[in-house]
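Asker: Please find the sequence and the predicted model below.
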Amino acid sequence: MKVLVLNSGSSSIKFKLFEGETWRAVASGAVARIGEEEGEVQYQWLDGDGNRRTHQASAPIANHGEGIDRIIAGLRTSGVLTDLGELAAIGHRVVHGGERFHQPTVVDDGVAEAIRDVIPLAPLHNPANLDGIQVARRLFPTVPSVAVFDTAFHQTMPRTAYRYAIPNSLYKEHRVRRYGFHGTSHQYVAGRAAAFLCKPLERCNLITLHLGNGASATAIRGGRSVDTSMGMTPLEGLVMGTRCGDLDPAIHFYLCNHLGLTTQALDDLLNRQSGLLGLCGVNDMREIQRLAEEGDDAAELAIGITAHRIKKYIGAYYAELGRLDAIVLTDAGPARA
């Protein structure tokens, strides 16, 4: 029995293939820089003798469907997936489940449509997540696809954390509230941190930082999310690769009134042209660090603003928790999430 896990993000697709009752990872890798001039494909696998083999290549990758096709081709070429019937299930990370999805869910046409319905709440990610699901369902029509939602972990937030100070009708009738994202990452690293601390998770107070092209912070009390930096959409919170993060809402009015921007143009500006990209022209922190070391002022500013925002959230969550066992940082790895 084998299970393929896909994390189809805004600019990358990460994957792992697990086998057997021990859930040993027999292959993993990523397709990165999707939609850019030059994409990256890298994967590693265990051969028949248990030796770790690697492959890396550069090639244009137009979209997520093409990226998943390349992943499947690599698995089959390497021999770790010789028969499609070996797959028992395919797991998919889905960013936004709205208020409907609180736990992993087997995907059918109705679930796929529900994921499509909340695309306006996660315009950078839900389309990519859905692409991954649809390609997998097409390639493996008899294999269950299971969606795991980033928003589910944050359903434990108290209403004082997830409600906005706007008219009640907007929440009750239109479900305008804070949802939070990266829940699978925050939940996992909290458990790993507790293990490293040799302390039960239910006794740990943690601040977890998911840092990548998308970034968020979460305050965790006793294994449960009590506050998180992202809001109704992934736009709120920390400075990210192309997203602005926290912004005075009146700036929206100013830009529309004085520059004549449409709502679509404003959405594109704040979600796809801002953040690190807007500050210094690059959204890859590795490249920004290199430029900063060479004395590039814009790159230095981008790093400084990012660090300042992270520091503010750590301070706020420390105050909320009252006691802190650890600050936990993720490693985004070679691909951008």
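Answerer: Everything's here; your move. Numbering: from 1, shown residues only.
Asker: if I pick the residue of the chain positioned farthest from its centre, what's in contact with it?
Answerer: Most distant from the centre of the chain: D49, at 34.3 Å, with distances by Cα atoms, centre = their mean. Residues in contact with D49 (Cβ atoms under 8 Å, 6 or more residues apart in numbering): none are found. Where C-beta positions appear, they are placed from N, C-alpha and C, glycine not excepted.
Asker: and it, that one's in a helix?
Answerer: No - counting by DSSP: H, G, I helix; E, B strand; the rest coil, D49 is not part of a helix but coil.
Asker: Quick check: phi and psi at it.
Answerer: phi -100, psi 0 (degrees, to the nearest 10).
Asker: do G183 as well
Answerer: phi -60, psi -40.
Asker: Make sure it is actually in contact with F153.
Answerer: Yes - in terms of Cβ atoms under 8 Å, G183 counts as a neighbour of F153; the distance is 3.0 Å.
Asker: Find the residues that touch each one of these two.
Answerer: Common neighbours of G183 and F153, using Cβ under 8 Å, 6+ apart, are S225.
Asker: So A298 sits against L276, correct?
Answerer: No - counting by Cβ under 8 Å, A298 sits too far from L276 to count as a contact (10.0 Å).
Asker: These two: which is more packed in?
Answerer: More crowded of A298 and L276, by other Cβ atoms under 10 Å: L276, with 26 against 15.
Asker: which residues touch the more buried one?
Answerer: V239, M240, G241, T242, V282, N283, M285, I288, A302, T306.
Asker: Also G35?
Answerer: Here G35 is in contact with S11, I61, A62, N63 (Cβ under 8 Å, 6+ apart).
Asker: Can you give me the neighbour number for the second one?
Answerer: Other residues near I61 number 23, with proximity taken as other Cβ under 10 Å.
Asker: Which residues does the helix or strand where L301 lies contact?
Answerer: Using DSSP states H and E, L301 sits within helix 297-321. Under the criterion Cβ under 8 Å, 6+ apart, residues 205, 207, 209, 217-219, 221, 226-227, 229, 237-239, 245-246, 276, 279-282, 285, 288-289, 291-292, 324, 327 lie in contact with helix 297-321.
Asker: before we move on, what about stretch 83-93?
Answerer: With contact meaning Cβ under 8 Å, 6+ apart, stretch 83-93 is reached by 1-9, 81, 104, 107, 129, 132-133, 136, 139-140, 143-148, 150, 184.
Asker: now the helices: where do they sit in the stretch 101-250 of the chain?
Answerer: Secondary structure of the stretch 101-250 of the chain by DSSP state H, counting those that start in this stretch: the helices cover 109-117, 126-139, 159-162, 168-174, 183-197, 250-259.
Asker: Give me the distance from the longest one to the chain's centre.
Answerer: Relative to the centre of its chain, helix 183-197 is centred 16 Å away, using Cα atoms, centre = their mean, to the nearest Å.
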